[in-house]
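Trainee: Structure for this input, please:
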Amino acid sequence: MRVLDPTFEEAAVGFVLPPRLEELRGRTIGIISNGKEGTAHFFAHMDTVLRTRYGVANVVHRVKGSLSAPAERAIMDEAATWDAMIAGVGD
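Mentor: Down below sits the predicted model:
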(Lines give C-alpha, C1' and ligand atoms only; values in the text may rest on other atoms or scores of the structure.)
Protein backbone atom coordinates (compact mmCIF):
# COMPACT_ATOMS: atom_id res chain seq x y z
CA MET A 1 0.00 0.00 0.00
CA ARG A 2 1.22 3.50 -0.84
CA VAL A 3 0.19 6.37 1.44
CA LEU A 4 0.26 9.89 0.04
CA ASP A 5 0.85 12.89 2.29
CA PRO A 6 -1.29 15.86 1.12
CA THR A 7 0.72 18.36 3.17
CA PHE A 8 1.83 21.41 1.20
CA GLU A 9 5.62 21.44 1.46
CA GLU A 10 6.54 24.91 0.22
CA ALA A 11 6.88 27.72 2.72
CA ALA A 12 3.95 30.11 2.69
CA VAL A 13 4.66 33.54 1.28
CA GLY A 14 4.05 36.40 3.68
CA PHE A 15 0.96 38.48 3.08
CA VAL A 16 0.24 41.99 4.28
CA LEU A 17 -3.34 43.22 4.20
CA PRO A 18 -3.86 46.56 2.46
CA PRO A 19 -5.29 49.41 4.50
CA ARG A 20 -9.07 49.36 4.91
CA LEU A 21 -11.01 51.73 2.67
CA GLU A 22 -12.50 54.71 4.50
CA GLU A 23 -15.60 54.57 2.29
CA LEU A 24 -16.87 52.88 -0.87
CA ARG A 25 -18.36 55.99 -2.54
CA GLY A 26 -16.77 56.61 -5.94
CA ARG A 27 -14.71 53.41 -5.82
CA THR A 28 -14.34 50.49 -8.20
CA ILE A 29 -15.21 47.13 -6.68
CA GLY A 30 -14.49 43.87 -8.46
CA ILE A 31 -16.46 40.66 -8.00
CA ILE A 32 -14.81 37.37 -8.93
CA SER A 33 -17.22 34.45 -9.13
CA ASN A 34 -16.60 30.75 -9.50
CA GLY A 35 -19.42 30.73 -12.07
CA LYS A 36 -21.77 28.34 -10.32
CA GLU A 37 -25.48 28.84 -10.92
CA GLY A 38 -26.17 30.31 -7.49
CA THR A 39 -23.80 33.24 -7.91
CA ALA A 40 -25.40 35.15 -10.80
CA HIS A 41 -28.48 36.52 -9.02
CA PHE A 42 -26.66 37.04 -5.73
CA PHE A 43 -23.86 39.09 -7.29
CA ALA A 44 -26.35 41.05 -9.44
CA HIS A 45 -28.15 42.03 -6.23
CA MET A 46 -24.84 42.84 -4.54
CA ASP A 47 -24.00 45.09 -7.51
CA THR A 48 -27.26 47.01 -6.99
CA VAL A 49 -26.69 47.38 -3.25
CA LEU A 50 -23.09 48.54 -3.70
CA ARG A 51 -24.15 51.21 -6.21
CA THR A 52 -27.36 52.45 -4.55
CA ARG A 53 -26.59 52.16 -0.84
CA TYR A 54 -22.83 52.75 -0.82
CA GLY A 55 -22.30 54.95 -3.88
CA VAL A 56 -19.82 52.62 -5.59
CA ALA A 57 -18.99 54.11 -8.99
CA ASN A 58 -18.14 50.91 -10.84
CA VAL A 59 -18.69 47.22 -10.19
CA VAL A 60 -16.65 44.84 -12.35
CA HIS A 61 -17.87 41.24 -12.68
CA ARG A 62 -15.46 38.46 -13.65
CA VAL A 63 -15.97 34.69 -13.71
CA LYS A 64 -13.08 32.27 -13.25
CA GLY A 65 -12.51 29.71 -15.97
CA SER A 66 -12.51 26.81 -13.51
CA LEU A 67 -14.71 26.18 -10.49
CA SER A 68 -11.89 24.83 -8.35
CA ALA A 69 -8.75 26.57 -9.62
CA PRO A 70 -7.53 30.05 -8.70
CA ALA A 71 -8.51 32.96 -10.92
CA GLU A 72 -6.48 33.34 -14.10
CA ARG A 73 -3.49 35.69 -14.17
CA ALA A 74 -5.37 38.16 -16.44
CA ILE A 75 -8.18 38.49 -13.89
CA MET A 76 -5.72 38.94 -11.03
CA ASP A 77 -3.77 41.55 -12.98
CA GLU A 78 -7.00 43.45 -13.61
CA ALA A 79 -7.98 43.07 -9.95
CA ALA A 80 -4.83 44.95 -8.98
CA THR A 81 -6.45 48.07 -10.50
CA TRP A 82 -9.65 47.79 -8.41
CA ASP A 83 -10.08 49.52 -5.07
CA ALA A 84 -11.50 46.37 -3.45
CA MET A 85 -12.53 42.87 -4.46
CA ILE A 86 -15.15 40.34 -3.45
CA ALA A 87 -14.54 36.69 -4.25
CA GLY A 88 -17.40 34.26 -3.89
CA VAL A 89 -18.66 30.79 -4.54
CA GLY A 90 -22.16 29.49 -4.97
CA ASP A 91 -24.19 26.39 -5.56
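Trainee: how about low-confidence regions in this protein?
Mentor: 91 (pLDDT under 70).
Trainee: Apply 80 and report the result again.
Mentor: Along the chain, segments meeting pLDDT under 80 span 7-15, 89-91.
Trainee: how about the helices in this protein?
Mentor: Counting by DSSP state H, the chain has these helices, from start to end: 39-54, 73-79.
Trainee: could you say what helices and strands the first one packs with?
Mentor: By that I understand helix 39-54. Counting contacts by 3 or more CB pairs under 8 Å, 6 or more residues apart in numbering; DSSP states H and E, helix 39-54 packs against strand 28-33, strand 58-63, strand 84-88. Using the backbone N, CA and C atoms, a C-beta is placed for each residue, glycine as well.
Trainee: tell me the most buried of these?
Mentor: Most buried of the helices and strands packed on helix 39-54 by mean neighbour count (mean count of other CB atoms under 10 Å) is strand 28-33; its value is a mean of 20.
Trainee: Reformat the helices of the chain as JSON lines; add mean neighbour count and distance to residue 28.
Mentor: Below are the helices of the chain laid out as JSON lines (neighbours: other CB atoms under 10 Å; distance: least, CB to CB, whole Å):
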{"stretch": "helix 39-54", "mean neighbour count": "14", "distance to residue 28": "10"}
{"stretch": "helix 73-79", "mean neighbour count": "13", "distance to residue 28": "10"}
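Trainee: could the ones you listed go into TSV alongside distance to residue 86?
Mentor: Converted to TSV, these look like this (distance: least, CB to CB, whole Å):
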stretch	distance to residue 86
helix 39-54	7
helix 73-79	10
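Trainee: I'm done for today, thanks for sticking with me.
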